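Colleague: sequence below, structure please.
(chains A and B)
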There are 2 protein chains.
Amino acid sequence: MAEEFTEDELTLPPCKYEYLDHTADVQLHAWGDSLKEAFQQCGIAMFGYMTELDSVEIKQSSEIEAIGHDLESLLFHFLDELLFLFSCEPFLICSKVTITEFVTEGEEMRIKCKCYGEEFRIGKHPQGTEVKAITYSAMQIVNIPEKNTFELFVIIDI
Amino acid sequence: MAEEFTEDELTLPPCKYEYLDHTADVQLHAWGDSLKEAFQQCGIAMFGYMTELDSVEIKQSSEIEAIGHDLESLLFHFLDELLFLFSCEPFLICSKVTITEFVTEGEEMRIKCKCYGEEFRIGKHPQGTEVKAITYSAMQIVNIPEKNTFELFVIIDI
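Modeller: Numbers count the residues shown, from 1 in each chain, chains lettered A, B, ... in the order given. Coordinates of the predicted model:
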């Protein structure tokens, strides 16, 4: 038997609350047959968190460079450069990134990368989540020889 | 002039990435003309994070009790009891909570509360965010005499 309620019980109070964003992060997990492919996938993963990549047409491109003293800092700066493409002029959101130079040996590791996409436009591109920063927290760059893959784990602040 | 791209440049790579939830929390901020009202609002705020409260009809009710040795622990246990209503039988999602007993003086503070809502049902109730736990982290219970309001800040793990 259903419970019965009075008018008063059925009346809802006014809303006197709000939600304050506190902290959040998400872990990107990307992989590839080569370390280079895994890096590229990781870059795309980040853009995919910012919008629906299906909505992004390739209309313009931009080149970035990143350097690092080890793989971790190379990955960090690579993602940071990609994030910067989006954060400032040309506000580029990319559905494809192609690494054209990938030097991971020697003192100074470096990447050159061509980034394809278009200017982010509200209305055309569904707003995903703002990526506030790349972090080194629990970063992992793993080679799994038996599976012949390279895997990356990067936590980004959102 | 628009950039031109080759077929190859326009071809997107396969998706080799995924997003792993890491940690997140959100801060509930609730207020009221009395401490009791602020507590009630805070409870509703939590349910409002789990689903769209407009979708919740008042069809059943349940009573909870919470005790605490100070206001903070009282608030913690109050929210924890509400969360428990949802997490186990009767899986109640509430659009209204009415505190019927509110004792905040003496050694043992206590609350009795009648909770109105209905059983959570996927399809009827849009799934919001799962609340994993209430926390004491940065909890604030504030009385602002000049505004004649009471304000609560509670961080919940999601």
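
Colleague: output the lowest mean pLDDT helix or strand found in chain A.
Modeller: Lowest on mean pLDDT, DSSP states H and E among the helices and strands of chain A sits strand A:17-32, with a mean of 81.

Colleague: which parts of it are buried?
Modeller: Buried positions in strand A:17-32, judged by neighbour count with 16 or more other Cβ atoms under 10 Å in any protein chain shown: A:17, A:22, A:24, A:25, A:26, A:27, A:28, A:29, A:30, A:31, A:32. No exception for glycine: its C-beta is placed from N, CA and C like everyone else's.

Colleague: counting contacts, what elements does it pack onto?
Modeller: Applying 3 or more Cβ pairs under 8 Å, 6 or more residues apart in numbering or on different chains; DSSP states H and E, one finds that strand A:17-32 contacts helix A:35-50, strand A:149-157, strand B:17-32, helix B:35-50.

Colleague: now do the contacts for the residue nearest the centre of chain A.
Modeller: Geometric centre of chain A, nearest residue: residue A:46, 1.4 Å, by Cα atoms, centre = their mean. Counting by Cβ atoms under 8 Å, 6 or more residues apart in numbering or on different chains, residue A:46 touches A:28, A:79, A:82, A:83, A:131, A:156.

Colleague: helix or strand for the fourth one, which one?
Modeller: Element membership for residue A:83, per DSSP states H and E: helix A:71-87.

Colleague: show me what the helix or strand following that helix is packed against.
Modeller: Per DSSP H and E, the first helix or strand lying C-terminal to helix A:71-87 is strand A:92-103. Contact here means 3+ Cβ pairs under 8 Å, 6+ apart; on that basis strand A:92-103 packs against helix A:35-50, helix A:71-87, strand A:109-119.

Colleague: in chain A, where is pLDDT below threshold?
Modeller: Counting by pLDDT under 70, chain A shows low-confidence ranges at A:1, A:21-23.

Colleague: same for the helix holding residue A:83, what does it pack against?
Modeller: helix A:35-50, strand A:60-68, strand A:92-103, strand A:109-119, strand A:133-134, strand A:140-144, strand A:149-157.

Colleague: so which of those is the most surrounded?
Modeller: Among the helices and strands packed on helix A:71-87, helix A:35-50 has the highest mean neighbour count (mean count of other Cβ atoms under 10 Å in any protein chain shown), at a mean of 23.

Colleague: tilt between that helix and strand B:17-32?
Modeller: Angle of helix A:35-50 versus strand B:17-32, following axes from the mean of the first three to the mean of the last three Cα atoms, to 10 degrees, is 30 degrees.

Colleague: between helix A:71-87 and helix A:35-50, find me the angle.
Modeller: Using the same axes, to 10 degrees: helix A:35-50 against helix A:71-87 is 40 degrees.

Colleague: now do the helix holding residue A:83: distance to the chain's middle.
Modeller: Helix A:71-87 has its C-alpha centroid displaced from the chain centroid by 10 Å (Cα atoms, centre = their mean, to the nearest Å).

Colleague: ditto for stretch A:112-130
Modeller: How far stretch A:112-130 lies from its chain's middle: 11 Å, per Cα atoms, centre = their mean.

Colleague: please apply the same query to stretch A:129-139.
Modeller: Here stretch A:129-139 is found 8 Å from its chain centre; the criterion is Cα atoms, centre = their mean.

Colleague: now swap in stretch A:5-18 and tell me
Modeller: Stretch A:5-18 sits 41 Å away from the centroid of its parent chain (Cα atoms, centre = their mean).

Colleague: out of the contacts of residue A:46, who's nearest residue B:108?
Modeller: Proximity of these to residue B:108 (Cβ to Cβ) peaks at residue A:156, which lies at 45.3 Å.

Colleague: next one: that closest one from residue A:76, what distance?
Modeller: Separation of residue A:156 from residue A:76 (Cβ to Cβ, to the nearest Å): 11 Å.

Colleague: overlap of the contact sets of those two?
Modeller: By Cβ under 8 Å, 6+ apart, the residues touching both residue A:156 and residue A:76 are residue A:134.

Colleague: ok, residue A:50 to chain B distance?
Modeller: From residue A:50 over to chain B the distance is 12 Å, taken as Cβ to the nearest Cβ, to the nearest Å.

Colleague: residue A:156 too?
Modeller: According to Cβ to the nearest Cβ, residue A:156 and chain B sit 9 Å apart.

Colleague: quickly list what that residue is bridged to.
Modeller: Residue A:156 has the following beta-bridge partners by DSSP bridges: residue A:26, residue A:134.
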